[in-house]
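In: Just to be clear, the model below is a prediction. Sequence and coordinates:
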Amino acid sequence: MSRKLTEDAILGLNQSLFEESNRLAKNPIFSRYAKLLDQPKYGLSKMQKASTIMALKNFVEWAESRHIPAKRILMEETTSSDIANYIHHGFQLLTAIMPSLLAHEFVSVQPQSRRTGEIFYMTFKYGTTKGNVTAGSTALGWATAGNLDQYYSSPTIYSETYTTSAPGGTKDFNHTCLAIPVVAGTFTATDGVENFTDNADNTLTGSAGGTGTINYNTGEVTLHFNANVLIGVRIYCTYDTDFEANPDNIGELNLDIVSDSVKATDRALRLIYSLDSAYDLKQAFGLEAGEELTTAAASEIRADIDQEVFGDIYNGAGDTNTPWSQTPDTGVSFLQHKFQLLDFMIEASTQIKNLTRRAQGNFIVAGTRVAAILQSLEPRFKSADYTDEPGPQVIGKIDRFTVIMNPAYNQDVYTVGYKGKLFVDSGYIYAPYLPLFATDPVALDDMRVRRGLRTAYSKKLVNPNFYIKGAITA
């Protein structure tokens, strides 16, 4: 009914996109940057590399539409020493957004080739009605899980709703089984009061004295209850069918590709500094003002995007039932009490499992106070090797959860979420269009240098059931 996909197979779900990125990687304009993206120090996955190359391609097309040659943009007309300097500064800037965004780790990333385009996600649907499963209902966790049960792939037709009629009163009901032939001796039916069993001779016996008959080949059933069945009470039956005699009874799982239209939005910053300040900084500390300011602005934009993604997730997430109180019970130390916060997060994780029928949560996005409490839960909290920078940041792991500190959250809130390898295993899609790029610095007669930074992308929350939010109180 399902299969585990490798990373290559996952990328194949959007095969045309990755074929295009591979083709671009062989183009002389992009080849040196494709090789750089392969370097171990960047640690990029195939998805991150393809996303970056496609964004670079979009950037070149955007610039050339404004009569800026691609060779100038990507430093094709420079010397080898210039290239080395550009790799050290410009390349990190140009790719600052694409590989380093936390979005790559915690949401689905789908690069788009046009400003207005489409994002895609998969839905799994049951193809046939079988037992308590209705054809067309959702399976395997996309949106709210449907009537997934352990019998759908088996010969057992579980909890099939009984088609009712009352020809002579409220004790007599007829039904035709949806999956035939019925295996003799396996049929049962009940209204919740009287239970009927199959005698394997075309007759049925009720536990309260009722009687019935069944035709195993046609599936026709008659039931005579000992007492009147209450109006509105559901009658249902369970039985086995024969796959070999009728292969049409085998359940079907269908894959639907759903698309949504999106339009990329821009983020931009304008950088301004004086020539005198730049000269003084260079003389005093050997630093280039333009590079320092541009790097800081790039970090700010990266942080803004990550904060926007996690903000959307928080706003769309479902709520846990109760907040966790920081006040311990009498006789319980605060250290012991703090570990109870994990119980609340595990409960939120289980709530994701209940909603999606797919997986439990595997990451936590925490406000600063929540993150501080988690960091203090040693030895279960394992700190990550990181340096502080603006915006959300992975600070470590606790049990199975990766912990992200997000200063843009209220300090007392958190979100538990799930992200797997499949596109279906994320409820949020980030679709980059243009990478972060900078215009050439321009100095005017006021002795001030101006430079612009810009990036463009689309995003969409497609399934809030993968996220549950919670809070702590005093």
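Out: That came through, no problem. All figures in this text were calculated on a predicted structure; none of them were measured in a lab. Residues are numbered from 1 along each chain as shown.
In: ok, the residue sitting nearest the centre point of the chain to Leu374 distance?
Out: Nearest to the geometric centre of the chain sits Ser426, at 1.0 Å (CA atoms, centre = their mean). With distances defined as CB to CB, to the nearest Å, the gap from Ser426 to Leu374 amounts to 23 Å. Bear in mind the C-beta positions are built from the backbone N, C-alpha and C, glycine included.
In: what does Ala303 give?
Out: Distance check for Ala303 against Leu374: by CB to CB, it reads 21 Å.
In: These two: which has the busier surroundings?
Out: Set Ala303 next to Leu374 and count neighbours by other CB atoms under 10 Å: Leu374 wins out with 24 against 20.
In: quick one: pLDDT of the more buried one?
Out: In the predicted model, Leu374 carries a pLDDT score of 95.
In: ditto for Glu292
Out: The score at Glu292 is 71. That number is its pLDDT.
In: can you check Gly316 too?
Out: According to the model, Gly316 scores 93 on pLDDT.
In: all helices for the stretch 301-450 of the chain, in order.
Out: 334-338, 340-356, 368-375 (DSSP state H, counting those that start in this stretch).
In: buried residues in the shortest one?
Out: Residues Lys338 are the ones in helix 334-338 that count as buried (16 or more other CB atoms under 10 Å).
In: Kindly report the same for the longest one.
Out: For helix 340-356, a neighbour-count test (16+ other CB under 10 Å) marks 341-342, 344-349, 351-352, 355-356 as buried.
In: So which elements touch it?
Out: Contacts of helix 340-356 with other secondary structure elements, assessed using 3 or more CB pairs under 8 Å, 6 or more residues apart in numbering; DSSP states H and E, are made with strand 324-325, helix 368-375, strand 413-417, strand 467-473.
In: how much does it deviate in direction from strand 467-473?
Out: 150 degrees (axes from the mean of the first three to the mean of the last three CA atoms, to 10 degrees).
In: list the buried ones in stretch 402-413?
Out: By neighbour count, and taking 16+ other CB under 10 Å as the criterion, the buried residues in stretch 402-413 are 402-406, 408-409, 412-413.
In: Give me the buried positions along stretch 231-241.
Out: Within stretch 231-241, the residues that qualify as buried by neighbour count (16+ other CB under 10 Å) are 235-241.
In: Tell me the one of the residues you listed nearest Ser31?
Out: Closest to Ser31 out of the buried residues of stretch 231-241 is Thr241 (59.1 Å), distances taken as CB to CB.
In: so that closest one sits right up against Asn249, yeah?
Out: Yes - because the distance of 4.7 Å satisfies CB atoms under 8 Å, Thr241 is recorded as touching Asn249.
In: any idea how this structure splits into domains?
Out: For the chain, the structural domains run 7-119+258-473, 154-250, going by automatic domain parsing.
In: so which of these gets nearest Asn132?
Out: domain 154-250 (4.1 Å).
In: First-to-last residue distance for that closest one?
Out: Taking CA to CA, to the nearest Å as the measure, domain 154-250 stretches 8 Å from start to finish.
In: Tell me how far it lies from the chain's centre.
Out: Relative to its parent chain, domain 154-250 has a centroid offset of 42 Å by CA atoms, centre = their mean, to the nearest Å.
In: pLDDT averaged over that domain, what's the number?
Out: Per-residue pLDDT values over domain 154-250 give a mean of 89.
In: export stretch 233-248 as CSV, just CAs?
Out: Extracted C-alpha coordinates of stretch 233-248, given in CSV (Å, rounded to 0.1, in the frame of the first residue of the first chain):
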residue,chain,number,x,y,z
VAL,A,233,-29.2,3.5,16.1
ARG,A,234,-26.5,2.3,13.7
ILE,A,235,-26.5,-1.3,12.7
TYR,A,236,-23.2,-2.6,11.3
CYS,A,237,-21.6,-5.8,10.2
THR,A,238,-18.2,-7.4,9.9
TYR,A,239,-17.2,-10.4,7.6
ASP,A,240,-14.5,-11.8,5.5
THR,A,241,-14.5,-11.9,1.7
ASP,A,242,-12.5,-14.0,-0.8
PHE,A,243,-9.8,-12.1,-2.7
GLU,A,244,-9.1,-15.0,-5.0
ALA,A,245,-12.8,-15.3,-6.0
ASN,A,246,-13.2,-11.6,-6.5
PRO,A,247,-10.0,-9.5,-6.8
ASP,A,248,-12.1,-6.3,-7.0
